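1. Quick one, what's the 3D model for this:
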Amino acid sequence: MNFAYGVIAIVGVLAAIILGFIAVAPDDIIQPRMIPVEEMVVVSELTPEPETLPMALTVSIPEGAGIPEDGQIFYDPQVIDVTIGTTVIWENLDNTVHTVTSGKPPVDADGVFDSEMMVAGDVFEFTFATAGSQDYYCIFHPWMIGTVNVE
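-> The predicted model follows:
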């Protein structure tokens, strides 16, 4: 029985509060202060400056890149322009093994970077720390060539 009286008391208090709000005259309700646009202070956005954002760019190795056909895209995009500090991510979307090896084909790897064997679905990342033009290719498919221009 005590539980029932407690529930009735709580419902009664809540009903009284609600009726109190309904009975209040609209003029008695505290209105928020309106701030003229001239007085408003704009807080800067919380995003960092563009120079501080880590930069990344993805290059895909599309399906069929291992087949030397006219019009076939081997690295997409084939030539990219980036700034120093940019990380380039190569993603193998093809169903065969590829590499991303710095240098010029057929066997002129320069040792700057090498993904080694990338099976379907693998990714390889490299961050460019110095300016210049960097050619790269696939060791298994030397017709697959690309260039990263770093400024």
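2. Quick check: the gap between the residue nearest the centre of the chain and Gly6.
-> Nearest to the mean C-alpha position of the chain, counting by Cα atoms, centre = their mean, stands Ala56 at 8.2 Å. Separation of Ala56 from Gly6 (Cβ to Cβ, to the nearest Å): 61 Å. All C-beta spots, glycine's among them, are computed from the backbone N, C-alpha and C.
3. All the helices of the protein, in order from the start?
-> Assigned by DSSP state H, the chain shows helices spanning 2-23.
4. In it, what helix or strand scores lowest on average pLDDT?
-> Between all helices and strands in the chain, the lowest mean by mean pLDDT, DSSP states H and E belongs to helix 2-23, at a mean of 79.
5. Dump that one to CSV, restricted to CA.
-> Taking Å, rounded to 0.1, in the frame of the first residue of the first chain, the C-alpha atoms of helix 2-23 are listed here in CSV:
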residue,chain,number,x,y,z
ASN,A,2,2.9,2.4,0.7
PHE,A,3,4.1,2.0,-2.9
ALA,A,4,0.7,3.0,-4.3
TYR,A,5,0.6,6.1,-2.1
GLY,A,6,4.1,7.0,-3.2
VAL,A,7,3.2,6.7,-6.9
ILE,A,8,0.1,8.9,-6.3
ALA,A,9,2.1,11.5,-4.5
ILE,A,10,4.7,11.7,-7.4
VAL,A,11,2.0,11.9,-10.0
GLY,A,12,0.3,14.7,-8.0
VAL,A,13,3.5,16.7,-7.7
LEU,A,14,4.2,16.4,-11.4
ALA,A,15,0.6,17.4,-12.3
ALA,A,16,1.0,20.4,-10.0
ILE,A,17,4.2,21.5,-11.7
ILE,A,18,2.7,21.1,-15.2
LEU,A,19,-0.4,23.1,-14.2
GLY,A,20,1.9,25.7,-12.8
PHE,A,21,3.6,26.1,-16.1
ILE,A,22,0.2,26.2,-17.9
ALA,A,23,-1.1,28.9,-15.6
